[in-house]
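Student: structural data only, the sequence is not supplied:
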């Protein structure tokens, strides 16, 4: 049966030619009648929850025709695995101008229309849902020329600007490949339009054709004027005198007071003033670009009807700080994401209506970034714009002569389009306001556009690591001031580290709590060697992670030498950075701990070296360096401290060792050790101390007996030739033993 159905569809789609042919096909219980008076439309597509494609087509017909579109229509396509896609009508709405002031004529509606070009228009919506409840399962990657989805039928209603012999019409939408990504799991949706492709206005008034696009994938859009189509690849190329594809509406050639069309390729908006009445067809091609790659083209046919209304005047639309341009009121604001905007908009009309007294004035609005109740599902992303009092979807504020609302929008970085593969981009958001009255047959209308151009602030400057403290076990605590987040897009800290000042730097952690101002790096081993850190800010809407840190900060690393056998210590250290932060005290404090215990400050300096003379007779002395700075968090300024590793010196005499072994043992002072260490031992009487050393596997690698004297003994052990690792030595004396662990690092 499929070949028969395809034949019938093909026959139907080609049933219109010069003149009028009434072609009706009765098939499988319903009538397929496609001969009607076409006035514009478009084909759109989106994603279903199953990851397939859902097609929606809007068609507009002149109600002067007795015929309407069939309940079932077909899209033809070159998509892989398909030659056509069934579409069922799901809605039919009379969108004729509404009025009740009969001064200039009777109301328009589809039920009473008897001739073409009156302005009585019906909108019909078709969907692929009935044929494909889970969506159309397109597979694979479109070719470079794209997959084209086409509707073709008969007949375009009479126009005053086209001179083509054929009155067939066609709509096309093309889906192009994107980086060879298969469409099996729907990843892209076409743009939609919040204003219908129908405009009915009065001669002499300023006119505007607004598209008000809504791009669910946050793709870039561009627009161009093009010709209406009679077939998939058949644009109309013959026009009446004074008209063309790029100038399809009346200009000064047709009336000296006409203002020629101006077109905005960014928004697709057309502005013009026409004293010439008539019916005009034109088309706009909307192209969506994903990261600079063309992904969709929609051929949108538009119908314009200019009538002799004789209503006298238009409502007065006012907007705070608005400026007139070709009769349209504009206000353009350029904001950084994170700033807010507020403006009042009002409509006034006091002309009255002879048939019913003062008539109502209405104020309506359209915009993709409006929230509920304007858009039932809210805006696309971020905080929605609001009107007070609100205007509902498809509704308006009305009163006898005057209405006003206040527009408020708190912007943020979320309103800047951000695509992972190509980063953030500036964005423009249009909010269209329409003031109208109830004059028949076409209400007088005034337009206003509130245009908000959003851009990202420059990325916030990187912030420094204020303090680095080395803990006794080698862990490192870092502190910094809380980021002020002036861009409104900061969402995480990224901390990197390396043991080499020139890198490579690897990510240590990503801190999602943006109020956190400290972090402890466990297992850093900074008591054995320097560790270097970089702190970066992750700002989604200003370009991702900041490209460079404030600087590279290092653990303060202290080393000490002594003039043996004198009691003079020479200290030198590496600071956190070259110089000091403005918030720092700029003075290093030198602290010392003698064997008796207890740290004390013994000096202060702005240099990175110091000489100390410690008390004679001390056998074990420790030093460390501290530096005070300030961090700022949500509680205000607070001190923080940088602290170096602990450096140890010993003046213990070295006893001869008679044991012969290729490996020497170390002591817990210092621990970890790299060259020489000492094992302090207290014994009650003179005797021998047996020391055994084993590795982590339990293998004994050293055994030696040391003569010890009564009291304190410091057994020297050389470990310079030992490999990095953990060792255990067991000390035996007088029938007792004690096990101590030692770490050796190179």
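Tutor: Perfect, thanks for sending it. Computed from a predicted model, the values in this text were never measured in an experiment.

Student: the closest residue to residue 130 other than its chain neighbours: neighbouring residues, count only.
Tutor: Nearest residue to residue 130 in three dimensions, chain neighbours excluded: residue 88, at 4.0 Å (CB to CB, 6 or more residues apart in numbering). The C-beta positions use only the backbone N, C-alpha and C, and glycine is treated the same way. Other residues near residue 88 come to 15 when the count uses other CB atoms under 10 Å.

Student: can you give me the strands in the stretch 151-300 of the chain?
Tutor: Counting by DSSP state E, counting those that start in this stretch, one finds strands in the stretch 151-300 of the chain at the ranges 168-175, 192-193, 198-202, 206-209, 213-214, 220-226, 229-231, 234-235, 259-263, 270-273, 278-290, 293-307.

Student: which elements pack onto the first one?
Tutor: So the one you mean is strand 168-175. If you count contacts as 3 or more CB pairs under 8 Å, 6 or more residues apart in numbering; DSSP states H and E, strand 168-175 packs onto strand 35-47, strand 147-156, strand 229-231, strand 293-307.

Student: so can I have TSV of the ones you listed showing distance to residue 584?
Tutor: Below are the helices and strands packed on strand 168-175 laid out as TSV (distance: least, CB to CB, whole Å):
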stretch	distance to residue 584
strand 35-47	55
strand 147-156	64
strand 229-231	72
strand 293-307	50
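
Student: how about those, which one is nearest residue 536?
Tutor: strand 293-307 (29.7 Å; CB to CB).

Student: what residues does the host helix or strand of the residue nearest to residue 130 touch?
Tutor: Per DSSP states H and E, residue 88 falls inside strand 84-94. Applying CB atoms under 8 Å, 6 or more residues apart in numbering, the contact partners of strand 84-94 are 6, 9, 55, 57, 63, 68-77, 109-111, 120-132, 136, 149, 151.

Student: direction included, what does that strand pair up with?
Tutor: The pairing partners recorded for strand 84-94 under DSSP bridges are strand 72-77 (antiparallel), strand 121-127 (antiparallel).

Student: follow-up on the earlier one: so can I have JSON lines of the strands of the stretch 151-300 of the chain showing mean neighbour count, mean pLDDT and distance to residue 733?
Tutor: As requested, the strands of the stretch 151-300 of the chain are exported to JSON lines (neighbours: other CB atoms under 10 Å; pLDDT from 0 to 100; distance: least, CB to CB, whole Å):
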{"stretch": "strand 168-175", "mean neighbour count": "24", "mean pLDDT": "95", "distance to residue 733": "87"}
{"stretch": "strand 192-193", "mean neighbour count": "20", "mean pLDDT": "94", "distance to residue 733": "88"}
{"stretch": "strand 198-202", "mean neighbour count": "23", "mean pLDDT": "93", "distance to residue 733": "104"}
{"stretch": "strand 206-209", "mean neighbour count": "22", "mean pLDDT": "93", "distance to residue 733": "101"}
{"stretch": "strand 213-214", "mean neighbour count": "17", "mean pLDDT": "92", "distance to residue 733": "86"}
{"stretch": "strand 220-226", "mean neighbour count": "18", "mean pLDDT": "95", "distance to residue 733": "82"}
{"stretch": "strand 229-231", "mean neighbour count": "20", "mean pLDDT": "93", "distance to residue 733": "103"}
{"stretch": "strand 234-235", "mean neighbour count": "15", "mean pLDDT": "92", "distance to residue 733": "104"}
{"stretch": "strand 259-263", "mean neighbour count": "16", "mean pLDDT": "92", "distance to residue 733": "99"}
{"stretch": "strand 270-273", "mean neighbour count": "22", "mean pLDDT": "94", "distance to residue 733": "101"}
{"stretch": "strand 278-290", "mean neighbour count": "21", "mean pLDDT": "95", "distance to residue 733": "79"}
{"stretch": "strand 293-307", "mean neighbour count": "23", "mean pLDDT": "96", "distance to residue 733": "80"}
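
Student: got these as a markdown table, with distance to residue 327 columns?
Tutor: Converted to a markdown table, the strands of the stretch 151-300 of the chain look like this (distance: least, CB to CB, whole Å):
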| stretch | distance to residue 327 |
| --- | --- |
| strand 168-175 | 31 |
| strand 192-193 | 23 |
| strand 198-202 | 11 |
| strand 206-209 | 2 |
| strand 213-214 | 23 |
| strand 220-226 | 20 |
| strand 229-231 | 31 |
| strand 234-235 | 31 |
| strand 259-263 | 8 |
| strand 270-273 | 6 |
| strand 278-290 | 18 |
| strand 293-307 | 14 |
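
Student: now stretch 568-576, how far from the chain's geometric center?
Tutor: Averaging C-alpha positions (CA atoms, centre = their mean, to the nearest Å) puts stretch 568-576 49 Å from its chain's average.

Student: what comes up buried for that stretch?
Tutor: By 16 or more other CB atoms under 10 Å, the buried positions in stretch 568-576 come out as 569, 571, 572, 573, 574, 575, 576.

Student: just give me the closest of the residues you listed to residue 234.
Tutor: Nearest to residue 234 among the buried residues of stretch 568-576, with distances taken as CB to CB, is residue 576, at 73.1 Å.

Student: I'd say that closest one and residue 468 touch.
Tutor: Yes. With contact defined as CB atoms under 8 Å, residue 576 counts as touching residue 468 (5.5 Å).

Student: so what sits against both of the two?
Tutor: Common neighbours of residue 576 and residue 468 (CB under 8 Å, 6+ apart) are 553, 554, 555, 556, 642.

Student: in TSV: those residues, plus neighbour count and secondary structure.
Tutor: As requested, the shared contacts of residue 576 and residue 468 are exported to TSV (neighbours: other CB atoms under 10 Å; DSSP: H, G, I helix; E, B strand; the rest coil):
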residue	neighbour count	secondary structure
553	23	strand
554	20	strand
555	27	coil
556	25	coil
642	25	strand
